[in-house]
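Enquirer: need the 3D shape of this:
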Amino acid sequence: MKKGLPRNLRGNLFGGITAGVIALPLALAFGEASGLGAISGLYGAIIVGLFATIFGGTQTQISGPTGPMTVIVASIVATHPGDFRLIFWTIFLGGLFQILLGISKIGKLINYVPYPVISGFMSGIGMIIIILQTGPLLGFESQGTPVLAFKDFIKSYHNLDVQSVILGVLTILTVFFTPRKISQKIPPALLALVFVSILSIILHFDVKTIGEIPSSFPDFQLGKIPVETLLALIPTAFTLALLGSVDSLLTSLVADSITKTKHDSNKELIGQGIGNLLSGCFGGLPGAGATMRTVVNIKSGGTTRVSGVVHSMLLISVIIFLAPFASKIPIAVLSGILIKVGFDIIDYKFLKLIKYMPKYDLLVMSIVFFITVFYDLILAVGVGIILASLLFAAKVASQMNIDIKDVEHFEQEECQDKIKILHIDGIFFFGSASHIIAKAEELLGVECLIVDCKNIKTMDVSAIFALEDIISRLHDVKAEVILILNNRSLAVNLLKLGLSKFITKKDIAYDYENALKKASERTKSCS
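Expert: Numbering: from 1, shown residues only. The predicted model follows:
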């Protein structure tokens, strides 16, 4: 019998430790970039990582602060400088919304956010991180938005801090160009963090550092705020919840593909929500499922929730035992690490296919990207979803087939002129309703119109009102209308929704022959 730890436990310990080692420099960097301080990133990595692991729906997922979540927090900090209560309340509400999304079992609906919106937003986030971190790498003050960062660079470019630039460049060279043989054993970000920080200490560089890191656990951070202020935070909190949910569920799919398992989407959202809610309570950054950390955990042997717990325990030990060293880490080093993160977030897969991309998808991606980088993160998501939905509706509406045909059933030519058939084929909804109304003028000369609805795949209220409008116009000129429907339940619903003002059950047929019979009986010269 072999001695030592069981293989399963050994794999989970090694997976958790490896993920924690990767998470450490990123947590510190994200915390500093957010404007809340490096310790906030560590708190977020510990709290979200621990509780999302325990309560989430993906066994091997490692959660913690991510680039997109950090950028949103940084934008809130820029809007409410110094008022950390509002920021932590926003994180708390974001977690609460995620829990509600999970409980209401609508987590999978998040998968319907169009890919060009996600691509434009993520690439925009990557670009924001690169722009915002270039300043601190050069020794400038950190800025809250790309526009402010550009202005600050123009104003301060002649005041470069040479020592910060040296440390930043060394960090970038390390994270981008560490040989694969080394990077497979030691994460380049950790290598840069330790190596360049020690070099800075040895050379006595006088550069900005992350400062004192408490070696104790955080206090409760949610102070009292007015209800109207709380309500004003809801849009930002919901965006935080939406983004964190999309990020986490995409990572869950990656984990599924490697482990050949299936995650529980709704449970995952509940777990992420609990983690973010508690992180907001105790001054941590919000987080989400982190793809790189999750993949490394699995590849290193992590198979259960134990690995996620080990990841958080490792980070707790850093706060307890390594706080004095961590306080001496230069800001320029963290900026160099984050610039690499920014490049990694950009969606190169989409960019490589730009020349083959449908123009509508490219339009949506571009608009979301520019609004994200230069205006507002929350507006970018909203505009992107609305624009993508409208363009999709227009595309579907254009594929709907509406034909007006003569009836060839009758020998008398006057019958063919007096009875027409309106064929509607496809999805009949608000986007295509205007098309059928445009046909109304062509129908006003008939004595009887047969509306063939048997090939309609779905119909919404806008479509029903459009149909009602045509029937109303025909009734005004004393014309008869016969509907051909698929089933009686649809007929009942249409009558309830307003068509009963113009038609009765006698005006409804369920096959072509019956409709023609009804039409001929009501047209004098054809009876």
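
Enquirer: how close does residue 277 get to residue 316?
Expert: For residue 277, the distance to residue 316 (C-beta to C-beta, to the nearest Å) stands at 19 Å. For the C-beta atoms, the positions are set from N, CA and C on the backbone; glycine is no exception.

Enquirer: which one of those two has more residues nearby?
Expert: Neighbour tally, residue 277 and residue 316, criterion other C-beta atoms under 10 Å: the higher count belongs to residue 277, 22 against 15.

Enquirer: what about that one, distance to residue 367?
Expert: Residue 277 is 33 Å from residue 367, by C-beta to C-beta.

Enquirer: helix or strand next in line after the helix or strand of the chain with the lowest mean pLDDT, which one?
Expert: The weakest-scoring helix or strand in the chain, judged by mean pLDDT, DSSP states H and E, is helix 413-418 (a mean of 65). Per DSSP states H and E, the first helix or strand lying C-terminal to helix 413-418 is strand 419-428.

Enquirer: any idea how far that next one is from the chain center?
Expert: 38 Å (C-alpha atoms, centre = their mean, to the nearest Å).

Enquirer: then stretch 50-64?
Expert: 19 Å.

Enquirer: please parse this protein into its domains.
Expert: Using automatic domain parsing, the domain parsing of the chain gives 7-390, 401-526.

Enquirer: mean neighbour count, those: which tops it?
Expert: Among the domains of the chain, domain 7-390 has the highest mean neighbour count (mean count of other C-beta atoms under 10 Å), at a mean of 20.

Enquirer: and it, how far out from the chain's middle?
Expert: In terms of C-alpha atoms, centre = their mean, the centre of domain 7-390 is found 14 Å from the chain centre.

Enquirer: now it: average pLDDT?
Expert: Computed over domain 7-390, the mean pLDDT rounds to 88.

Enquirer: quick one: the strands in this protein?
Expert: Assigned by DSSP state E, the chain shows strands spanning 63-64, 288-289, 401-406, 419-428, 448-459, 480-484, 508-509.

Enquirer: closest to residue 192 out of the ones you listed?
Expert: Closest to residue 192 of the strands of the chain is strand 63-64 (C-beta to C-beta; 18.6 Å).

Enquirer: pairing partners for the closest one, with directions?
Expert: Sheet pairing for strand 63-64, assigned by DSSP bridges, gives strand 288-289 (antiparallel).

Enquirer: who's in contact with the strand it pairs with?
Expert: Strand 288-289 is contacted by residues 48, 52, 58, 61-63, 66, 68-69, 243-245, 247-252, 255, 268, 272 when judged by C-beta atoms under 8 Å, 6 or more residues apart in numbering.

Enquirer: switch to 7 Å and redo it
Expert: Among residues not part of strand 288-289, those counted as contacts by C-beta atoms under 7 Å, 6 or more residues apart in numbering are 58, 61, 63, 66, 69, 244, 247, 248, 251, 252, 272.

Enquirer: max pairwise distance over those residues: which two?
Expert: Put simply, by C-beta to C-beta the two of those set farthest apart are 58 and 69, 17.4 Å from each other.

Enquirer: helices or strands next to the longest helix seen in the chain in the packing?
Expert: Taking DSSP state H as the criterion, the chain has its longest helix at helix 7-34. If you count contacts as 3 or more C-beta pairs under 7 Å, 6 or more residues apart in numbering; DSSP states H and E, helix 7-34 packs onto helix 38-55, helix 67-79, helix 188-202, helix 291-299, helix 305-321, helix 331-345.
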